[in-house]
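Chemist: Just need the structure, nothing else, for what follows:
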Amino acid sequence: MRIVAIALAAVLGLTTVARSEPVELKQVPADAKWLIHVDVDAMREATVVQKAYHKCMEMHKDAQKHFDKVREMLGLDLKKDLHGITIYGKDLDRHHGVVIVHADVNQKLLLEKAQKAPDHKVAKYGSFEIHSWTHKHGKQSHTAFGTFFKPNVLVLAGCDKALQAALDVLDGKSPGITDEKSPLGGRLAPGACLIVRATAFGPKVKCPILKDADSLRVTLGENKGQSFYRARLTMKSSEAADQVKSIVEGFKAMVGLSHGSDALAMKLVGAIKVTTQDKAVRIAWSAPAEDVWTAIEKAGKEMREKWAKKHGAAAPGGVHKAPTCDKPSTCPAKSDKPK
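Modeler: Numbers count the residues shown, from 1 in each chain. As a prediction, this is how the structure comes out:
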């Protein structure tokens, strides 16, 4: 839990930065089947993220050491240099996915580290130098590929053909998403921090809801002090759409049973609106960001208290209270007698 919290603070590091543009859909191939975009600059500006950052820094005094270590390893200050990450694919094979990182990095340092990686090789593709190396994860390993499209645009992929195709799109040689009516096209909501769009789910999908879906759109962010969530699922049938609506309504009912006395929780959950139209399901939610943070902080406190009660110690980042003794005169910890 401690490492996760510090990592979250690092990725969402708060600082004053020049605002970058949101994801440019034209950088994603027109035939992509799914995309995920994280606008890190937008997250830094969000009230909830700002407060979460300060809370993490307060709870983990050594967080700056982790920032320094990442900067030493990658030449990247996560508190200001990382602007956005776009991930997409033309199928669900994870080795065919592409990652585009918009960041102000130390290009020379990264290239030097790549040259020291296992099985490092360099191949030319047009004017680009494509680096490949063996990436190990536990007992598994695979070949990874990467290159700089620009000094502040790093492109990574699990196979060389996927990387080459990505460069063609970025270079304008292959079409990107420009039609608003395309499956992954359409306008981007102001303040969007996370965007997920997908279509044509295959048999490998394990989620029962997505197995019955033809497309998915999710947007999460903050605009003018309001946190918001928008989702649209196009299901294979109107019956499947009604089932999704029932699941959401059931979730709201469960929260009502378990947190009925919590006025803020009921206010936030009550703001969830779900509607159906034929095969489409729309979920919309918005609430004041200050209320959202108050609820998150309260939930975090309750989790730490449960941790302390279960383990007899404070949760990571919490304050540990020494155990008390009913008989201080016979307790070794309280005894004044010399040992």
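Chemist: OK, contacts around Ser215?
Modeler: Pro183, Arg197, Ala198, Thr199, Ala200, Arg232, Leu233, Thr234 (C-beta atoms under 8 Å, 6 or more residues apart in numbering). Placement of C-beta: from N, CA and C, glycine included.
Chemist: roughly how far apart are the last one and Lys301?
Modeler: This means Thr234. 39 Å (C-beta to C-beta, to the nearest Å).
Chemist: and which of the contacts of Ser215 is nearest Ser132?
Modeler: Nearest to Ser132 among the contacts of Ser215: Ala198, at 28.1 Å, using C-beta to C-beta.
Chemist: residue contacts, the closest one?
Modeler: Lys33, Trp34, Leu35, Leu184, Ser215, Leu216.
Chemist: so which two of these are the farthest from each other?
Modeler: Leu35 and Ser215 (12.1 Å).
Chemist: so what's Glu45 scoring on pLDDT?
Modeler: Note on Glu45: pLDDT of 93.
Chemist: What count of nearby residues applies to it?
Modeler: Other residues near Glu45 come to 18 when the count uses other C-beta atoms under 10 Å.
Chemist: The residue positioned nearest the centre of the chain bridge partners, please.
Modeler: Ranked by distance to the mean C-alpha position of the chain (C-alpha atoms, centre = their mean), the top residue is Val38 at 6.5 Å. According to DSSP bridges, the partner residues bridging Val38 are Ile85, Leu194.
Chemist: Please report how far it lies from Lys90.
Modeler: 20 Å.
Chemist: would CSV of the contacts of Ala198 with distance to Leu156 be doable?
Modeler: CSV is the format used below for the contacts of Ala198 (distance: C-beta to C-beta, whole Å):
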residue, distance to Leu156
Lys33, 19
Trp34, 17
Leu35, 15
Leu184, 20
Ser215, 26
Leu216, 24
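Chemist: the more surrounded of Thr234 and Lys301?
Modeler: Thr234 (17 against 12).
Chemist: so what's the residue nearest to the centre of the chain up against?
Modeler: Gly84, Ile85, Thr86, Cys193, Leu194.
Chemist: who wins for most neighbours among these?
Modeler: Ranked by the number of neighbours (other C-beta under 10 Å), the contacts of Val38 place Cys193 first, at 25 neighbours.
Chemist: That residue contacts Glu222, correct?
Modeler: Yes. Counting by C-beta atoms under 8 Å, Cys193 touches Glu222, with 7.0 Å between them.
Chemist: and for the two, which residues touch both?
Modeler: Ala42, Ala46.
Chemist: Just the helices from this structure, written as ranges.
Modeler: 2-11, 40-45, 47-59, 63-74, 107-115, 160-170, 208-211, 238-259, 263-270, 289-311 (DSSP state H).
Chemist: and among the ones you listed, the most buried is which?
Modeler: Comparing those by mean neighbour count (mean count of other C-beta atoms under 10 Å), helix 40-45 ranks first with a mean of 21.
Chemist: How far off centre is that one?
Modeler: In terms of C-alpha atoms, centre = their mean, to the nearest Å, the centre of helix 40-45 is found 12 Å from the chain centre.
Chemist: again, but for stretch 143-154
Modeler: With C-alpha atoms, centre = their mean, you get 21 Å for stretch 143-154.
Chemist: cool, stretch 208-215 as well?
Modeler: 21 Å.
Chemist: Can you check the distance spanned by it, start to finish?
Modeler: End-to-end distance for stretch 208-215, by C-alpha to C-alpha, to the nearest Å: 14 Å.
Chemist: Compute the mean per-residue pLDDT across it, please.
Modeler: Rounded mean pLDDT across stretch 208-215 is 91.
Chemist: Repeat that for stretch 96-113.
Modeler: 91.
Chemist: just to revisit the earlier point, out of the contacts of Ala198, which sit inside strands?
Modeler: Using DSSP state E, Trp34, Leu35, Ser215, Leu216 are the members of the contacts of Ala198 that sit in strands.
Chemist: Look up how far Val28 lies from the second one.
Modeler: Translated: Leu35. In terms of C-beta to C-beta, Leu35 sits 5 Å off from Val28.
Chemist: what residues do the two have in common as contacts?
Modeler: The contact lists of Leu35 and Val28 share Thr86, Tyr88, Leu184, where a contact means C-beta under 8 Å, 6+ apart.
Chemist: Output the residues you listed as CSV; include the columns pLDDT.
Modeler: CSV is the format used below for the shared contacts of Leu35 and Val28 (pLDDT from 0 to 100):
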residue, pLDDT
Thr86, 96
Tyr88, 96
Leu184, 94
